[in-house]
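Enquirer: Quick one: sequence plus predicted model below, questions after.
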Amino acid sequence: MTQDRKRKQAVRARQQHTGRRYTALSREDAARHRQVGEDFSLGELLAECTTAPVTVPAWFKAVRGSDEPFWEPPKAFFSKLLGVDVPHGTVLELAGQLAQLGLDTTCRVESSDPDHRVVVATGGRRFDLCLTQEMLNECCRQPACLRGPFGDDIPWCDEHVRRRSLPELIEMADRLGYATVHEADYEPELCGGGPCADLLVQAAVAHAGSEAVIERLVSAGFDDPDSAAEWSSDDTLEMRLRYAIDRERYRLRNVARVEAVRIRRATEACPTCGAKPLLPFQLSDFPPQYCTRHCAPEPEPVVASATVWSQEVEPPY
């Protein structure tokens, strides 16, 4: 079956499902296939948003005559760059998210569903543009994943952050630690902690690097009581800080220990030699999914954190 025939069959299937006209669906499908993978600038998209005539979205025309309750659709325009009818507010929200990058920043359509969403990637970030409402959601940086980031300082979802390298996890620990210490405003009990820190430690256990991530979280998330004047000027405050640091380090090490035991128990056989079952395991200098240090691969080198993050801001395509 030729590619053109497959495309026509897909359009016919969408026509039966949505009840829309074949010609309209065919035009949208052709525009979508032409635009997916092509670059455009944020300025070009904004120019379309401000000059293209207002249209009634095609998906709304299909449901208006059905049993669905009537409501006013968002004001939209047909974007030749995106290949779909997109609300003005969705594009303006995207422009707000990318304002610091400037109008010349390069965007690319990663995937498109004319009835629901368009996924746009730029600068290593991915955005799910909603076509039925004036809104968008930032997506996990892993291509094809529609889940949101786990946190402001962890740009991947919980599933894909576990697949990141140890240097990347350490970089995220740095960013998370500095963010939390600023939010705590020199209150020791408010520093550290949180599900984001736990997730980074759990992800590092599979690399045998939990201790490096814990130390980075602690050093970035708490001011040094031996050098920071804000703490050393008050003996009581300094004592509270030292206690909070010890408490957080102990808590994170316990998170790592529990995760190591979980991985060890869930591993059916050593991926190198096939040995099973694996013996009981405590935190060590090799990943818990291997039976011994001899079977484990050499640990990856930890490079400068700024270098790692600068590589990740490049578009993942």
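Expert: Alright, I've got the coordinates.
Enquirer: tell me the average confidence for stretch 78-90?
Expert: Across stretch 78-90, pLDDT averages out at 90.
Enquirer: Keeping just the C-alphas, turn it into CSV.
Expert: Provided in CSV are the C-alpha atoms of stretch 78-90 (Å, rounded to 0.1, in the frame of the first residue of the first chain):
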residue,chain,number,x,y,z
PHE,A,78,-5.8,28.9,11.0
SER,A,79,-2.0,28.7,11.4
LYS,A,80,-0.1,27.7,8.3
LEU,A,81,2.9,27.1,10.4
LEU,A,82,1.1,24.7,12.8
GLY,A,83,-1.3,23.3,10.2
VAL,A,84,-4.3,23.6,12.5
ASP,A,85,-6.9,26.1,14.0
VAL,A,86,-5.2,27.4,17.2
PRO,A,87,-6.7,29.8,19.8
HIS,A,88,-5.0,33.2,20.0
GLY,A,89,-4.7,32.9,23.8
THR,A,90,-2.7,29.6,23.4
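Enquirer: Pull out the buried positions in it.
Expert: Applying a neighbour-count criterion of 16 or more other CB atoms under 10 Å, one finds 78, 79, 81, 82, 83, 84, 85, 86, 87, 88, 89, 90 buried in stretch 78-90. (Glycine included, C-beta is placed from N, CA and C.)
Enquirer: ok, for the third one, nearest residue in space, not its chain neighbours?
Expert: If I follow you right, that is residue 81. Counting by CB to CB, 6 or more residues apart in numbering, residue 40 is the residue found nearest to residue 81 once chain neighbours are left out, at 4.6 Å.
Enquirer: That neighbour: what's it in contact with?
Expert: Residues near residue 40 by CB atoms under 8 Å, 6 or more residues apart in numbering: 81, 106, 107, 108.
Enquirer: circling back: any chance of a markdown table for the buried residues of stretch 78-90, columns secondary structure?
Expert: A markdown table is the format used below for the buried residues of stretch 78-90 (DSSP: H, G, I helix; E, B strand; the rest coil):
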| residue | secondary structure |
| --- | --- |
| 78 | strand |
| 79 | strand |
| 81 | coil |
| 82 | coil |
| 83 | coil |
| 84 | strand |
| 85 | strand |
| 86 | strand |
| 87 | strand |
| 88 | helix |
| 89 | helix |
| 90 | helix |
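Enquirer: can you name the two of those that are farthest apart?
Expert: 83 and 89 (18.9 Å; CB to CB).
Enquirer: hang on, the earlier thing: would you mind putting the buried residues of stretch 78-90 into a markdown table with distance to residue 221 alongside?
Expert: Output for the buried residues of stretch 78-90, formatted as a markdown table (distance: CB to CB, whole Å):
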| residue | distance to residue 221 |
| --- | --- |
| 78 | 48 |
| 79 | 43 |
| 81 | 42 |
| 82 | 41 |
| 83 | 45 |
| 84 | 43 |
| 85 | 46 |
| 86 | 41 |
| 87 | 40 |
| 88 | 41 |
| 89 | 37 |
| 90 | 36 |
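Enquirer: of these, closest to residue 252?
Expert: For those, the nearest to residue 252 is residue 90 (39.8 Å; CB to CB).
Enquirer: For burial, what's the neighbour tally of the closest residue to residue 97 other than its chain neighbours?
Expert: Among residues not flanking residue 97 along the chain, residue 127 sits closest, at 6.8 Å (CB to CB, 6+ apart). Neighbours of residue 127 under the rule other CB atoms under 10 Å: 22.
Enquirer: now residue 127: how far from residue 274?
Expert: To residue 274, residue 127 is 44 Å away according to CB to CB, to the nearest Å.
Enquirer: hmm, back to that, what's the one helix or strand the residue nearest to residue 97 maps to in contact with?
Expert: In this assignment (DSSP states H and E), residue 127 forms part of strand 125-130. Applying CB under 8 Å, 6+ apart, the external contacts of strand 125-130 come out as 82, 86-87, 90-91, 94, 97, 110, 116-121, 136-141, 143, 146, 155, 316.
Enquirer: Could you rerun that using 6 Å?
Expert: Around strand 125-130, the neighbours that count as contacts under CB atoms under 6 Å, 6 or more residues apart in numbering are 90, 94, 117, 118, 119, 120, 136, 137, 138, 139.
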